[in-house]
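Undergrad: I would like the atomic coordinates for the input below:
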Amino acid sequence: MTNNNIKSFNIKTNISNFHCMEWISDDLICGHDNGVTVYRKQTDFQPTFIPLSQPAIHIAASRNQRYLAVSHPDCTISLIDFDTSSDQIEPVILESRSAHHSHIQSLAVSKHGIVASTSSDGILAIWTKDQTPRTISLNRTGNFLKFVGSPTLGKSDDRLLMLLNENAIRIIDLEQLQFIFNVYPFPPKQSYYGHKDPQIDIIDISLDPSGTKLLALTKTNLLIWTLAELTGGCAYTEPHLIADLWDKETVNTKNAVFQARFSAFGDCFIALFHTGTLTHIQLAHTSDVLQNARILPPIKTLYPHMPTVKDDGSMLTLFCNNELIMVSTTSG
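TA: Sure, this is the predicted structure:
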């Protein structure tokens, strides 16, 4: 379904070295060489700067918006607690060098302030409130982490969803520190070590809002598994549904560049393809599984970086040429 009811505006920045950004409720949080900048909708997106002693390479926020975790090049992590009576924010530094010996690749933070991090040395570290890490050897690099819950059991943030290299997806029970599922979405002939179409690389993962479906995005497809029908294991696990994000003609467009991204907590996702000067965007809620996907009017822009979308789908952001391109998808 095409929707023309959008408006966009640009925010000029004096920062060219953004490393990451994410929508958390009505706040857009950006990490860069000098720290973190927060653009709040309630203040018409006037920036609030939080200085840090090192560049912010990865950021992750808790669903309740209380905590923000930031990773740095020296393998340390800054944990920011916004629930403070002080006018000045004082980050807690997690000395993750005791757990990681190479660059942190991903991190996540729960609503209780528990931080999880992975590095290219194949270590998963889980930081409790006493700042003592519990470590698990993954034997491969963790590229993505997200705290997820078990809504049917009335629990939240009790599981950790992770994407490892070789396109492996795992879900770990945090209480037992045991893996619940090991999912390998592609058969052996398409394995990480073989010759394969790069379009099938998984670039983001999530659970749907009900917590009953595992979702994975490639550049051109959405893969879906029903958790109740998974039995663990460590072999090829065929998706229960594969949905095409774009038609075959679009996928075969010469020199087109594709991107896809879930929102921070997986309630919706965006899929983009860029053709030189135009960026085409599709927006969908994960609960609808593409039944009510919206094709937005193309945006004139050079190659956009770090696409991110709010969980309610009402606004998305692209970064291009020192500008934040804010796209509102509602009339309000």
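
Undergrad: beta partners of residue 300?
TA: Here residue 300 shows beta-bridge partners residue 278, assigned using DSSP bridges.

Undergrad: average pLDDT for the strand or helix carrying residue 324?
TA: Secondary-structure assignment from DSSP states H and E places residue 324 in strand 323-328. Per-region confidence: strand 323-328 scores 87 on mean pLDDT.

Undergrad: how many other residues sit next to residue 254?
TA: Applying the criterion other CB atoms under 10 Å, we find 5 residues in the vicinity of residue 254. All C-beta spots, glycine's among them, are computed from the backbone N, C-alpha and C.

Undergrad: heads up, I number from 354, so please use that
TA: With the count now opening at 354, the last piece we talked about shows up as residue 607.

Undergrad: let's verify it: helix, strand, or coil?
TA: Residue 607 carries the three-state label coil when classified by DSSP: H, G, I helix; E, B strand; the rest coil.

Undergrad: for it, grab phi and psi.
TA: As for residue 607, its main-chain torsions (degrees, to the nearest 10) stand at phi -60, psi 130.

Undergrad: can you check the pLDDT for it?
TA: The predicted local distance difference test score for residue 607 is 82.

Undergrad: now it: how far from residue 489?
TA: Distance from residue 607 to residue 489, counting by CB to CB, to the nearest Å: 44 Å.

Undergrad: and residue 628, by the same measure?
TA: Applying CB to CB, the value for residue 628 to residue 489 is 43 Å.

Undergrad: would you list the phi and psi of residue 581?
TA: Its backbone dihedrals place residue 581 at phi -60, psi -20, with angles given as degrees, to the nearest 10.

Undergrad: so it makes contact with residue 565?
TA: Yes. Look at residue 581 against residue 565 with CB atoms under 8 Å: they come within range, at 6.7 Å.

Undergrad: so between the two, which is more surrounded?
TA: Of the pair residue 581 and residue 565, residue 565 is the one with more neighbours under other CB under 10 Å, namely 14 against 9.

Undergrad: any idea where the helices of the stretch 354-503 of the chain begin and end?
TA: Along the stretch 354-503 of the chain, counting by DSSP state H, counting those that start in this stretch, no stretch forms helices.

Undergrad: any regions of it where pLDDT drops low?
TA: The stretch 354-503 of the chain contains residues with pLDDT under 70 at 354-359, 369, 437-441, 449-450, 482-484.

Undergrad: show me where it has strands.
TA: Applying DSSP state E, counting those that start in this stretch to the stretch 354-503 of the chain gives strands spanning 360-365, 371-377, 380-385, 388-393, 400-404, 411-414, 420-424, 430-434, 445-447, 457-462, 468-472, 476-480, 486-490, 495-503.
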